[in-house]
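Visitor: here is my input, please return the structure:
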Amino acid sequence: METDRINLQSLAILADVERCGSFAAAAHARGVDSSIISRSIANLEKAVGFTVFERTTRRLHLTEAGKTYLERVRLVLDDLEAARLEALEQLTSPSGKIRVTTSSAFGQQWLVPKLAVLMQTFPNLSVDIILSDAEIDLAAEGIDLAIRLTSRPKGSWIATKLMDTRFRVVASGDYLERHAKIAHPENLNEHQCVLLSLPGYRSLWRFRSKDNDCAIGVGGRVTLSSPAAVRAAALAGMGPTLLADWMVDEDIAQGRLVDLLPDWEASAADFGTAAWILYPSRNYLPLKVRIFIEFLRNLTIEGK
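Guide: Predicted coordinates:
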């Protein structure tokens, strides 16, 4: 068969020529003479039985048959490279840099304090943490993994739930000594709350219990754009506020803040919010990314 003459080198050269746009550019990238590239493509076209490239004076263009062929070839090349890397990882420890993004508050309060264990366990691994409340283009910024706080992520990346998020209405003990008791969500109408300047958080909090659902309009003299700043204001005794459990659970355990409505579920949007791990949709996931995902999951399993 003619196809018996096709080798991996010729397929890799095919992909390089298409990416570089010409025989000369592909030859330069590979550090070889252009004639080697030209001969490889000619032999490949003879072996497959059709023209792969249309030649013009300015640039090469894939034929329709060439496009179809290259799409399948790329899958083969990617799988072979993934197999090589996966086998190589059996002989090495995770290394290199992993780029991770999450919100400023979640990163500072939950993620960053836990990284010391990862750094000690994997000395050849480094992390670049991008803390941002903006919707970063993960592919354009070369992000390996993202942690997003939302009801359900959208997009082409794989999403797996890290942990559910529960919101709590909290205030400091000092504040509670000076103000009326809060035993029901409706009591919040009697208080100046500390508000987060996001839709819902600054105007309407939702509650549900076994027997009741309600939405309570809230107001206050202090509105802040950062959850960390809202927590600091609550700790300073400025009023009750609504914050995620991962931000205030330790404060509650240490007695710095009081969970005012422990029998109620609370939210400013919906009750399905969670922390989600997002990573690229591909068959092969680098060892460093898999290690980081496992590290995060172990933290939630252990309740750290």
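Visitor: ok, and the helix or strand in this protein with the lowest average confidence?
Guide: helix 64-89 (a mean of 81; mean pLDDT, DSSP states H and E).
Visitor: and the helix or strand following it, what does it pack onto?
Guide: Heading C-terminal from helix 64-89, the first helix or strand you meet, by DSSP states H and E, is strand 96-102. The elements that strand 96-102 packs onto, with contact taken as 3 or more CB pairs under 8 Å, 6 or more residues apart in numbering; DSSP states H and E, are strand 125-131, strand 145-150, helix 287-301. Any C-beta I mention is one placed from the backbone N, CA and C, and that applies to glycine too.
Visitor: reformat these as CSV; add distance to residue 69, mean pLDDT and mean neighbour count.
Guide: Listed next are the helices and strands packed on strand 96-102 as CSV, based on distance: least, CB to CB, whole Å; pLDDT from 0 to 100; neighbours: other CB atoms under 10 Å:
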stretch, distance to residue 69, mean pLDDT, mean neighbour count
strand 125-131, 38, 93, 15
strand 145-150, 34, 92, 20
helix 287-301, 31, 87, 16
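Visitor: nearest to residue 167, out of the ones you listed?
Guide: Minimum separation from residue 167 across these (CB to CB) falls at strand 145-150, 11.2 Å.
Visitor: run through the stretch 101-250 of the chain and note the low-pLDDT ranges.
Guide: Within the stretch 101-250 of the chain, not a single segment meets pLDDT under 70.
Visitor: just to revisit the earlier point, output the helices and strands packed on strand 96-102 in TSV; the columns should cover distance to residue 189.
Guide: Formatted as TSV, the helices and strands packed on strand 96-102 follow (distance: least, CB to CB, whole Å):
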stretch	distance to residue 189
strand 125-131	35
strand 145-150	28
helix 287-301	36
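Visitor: among these, which comes closest to residue 67?
Guide: Per CB to CB, nearest to residue 67 of the helices and strands packed on strand 96-102: helix 287-301, 30.7 Å.
Visitor: helices or strands up against the closest one?
Guide: strand 96-102, helix 115-121, strand 125-131, strand 145-150, strand 158-164, strand 274-279.
Visitor: contact partners of that helix?
Guide: 89, 94-98, 100, 114, 117-118, 122, 125, 127, 144-145, 147, 160, 162-163, 277, 279 (CB atoms under 8 Å, 6 or more residues apart in numbering).
Visitor: just stretch 115-132 next, same as before
Guide: Residues outside stretch 115-132 that contact it (CB under 8 Å, 6+ apart): 93-104, 107-108, 111-112, 136, 141, 143, 288, 291-292, 295.
Visitor: hmm, which of those are the buried ones?
Guide: 94, 98-103, 107-108, 111, 143, 288, 291-292, 295 (16 or more other CB atoms under 10 Å).
Visitor: show me which of the residues you listed is closest to residue 32.
Guide: For the buried ones among the contacts of stretch 115-132, the nearest to residue 32 is residue 288 (32.2 Å; CB to CB).
Visitor: straight-line length of stretch 216-234, end to end?
Guide: 19 Å (CA to CA, to the nearest Å).
Visitor: is it true that residue 245 touches residue 163?
Guide: No. Using CB atoms under 8 Å, residue 245 is not in contact with residue 163, being 9.3 Å away.
Visitor: find the nearest non-adjacent residue to residue 160, please.
Guide: residue 277 (5.1 Å; CB to CB, 6 or more residues apart in numbering).
Visitor: what residues are bridge-paired with the residue most central in space within the chain?
Guide: Closest to where the C-alpha atoms of the chain average out (CA atoms, centre = their mean) is residue 146, at 1.4 Å. Beta-bridge pairing for residue 146 (DSSP bridges): residue 101, residue 278.
Visitor: what separates it from residue 269, distance-wise?
Guide: 20 Å (CB to CB, to the nearest Å).
Visitor: picking that back up, among the buried ones among the contacts of stretch 115-132, which one sits closest to residue 175?
Guide: Checking the buried ones among the contacts of stretch 115-132 one by one against residue 175 (CB to CB), the nearest turns out to be residue 108, at 23.7 Å.
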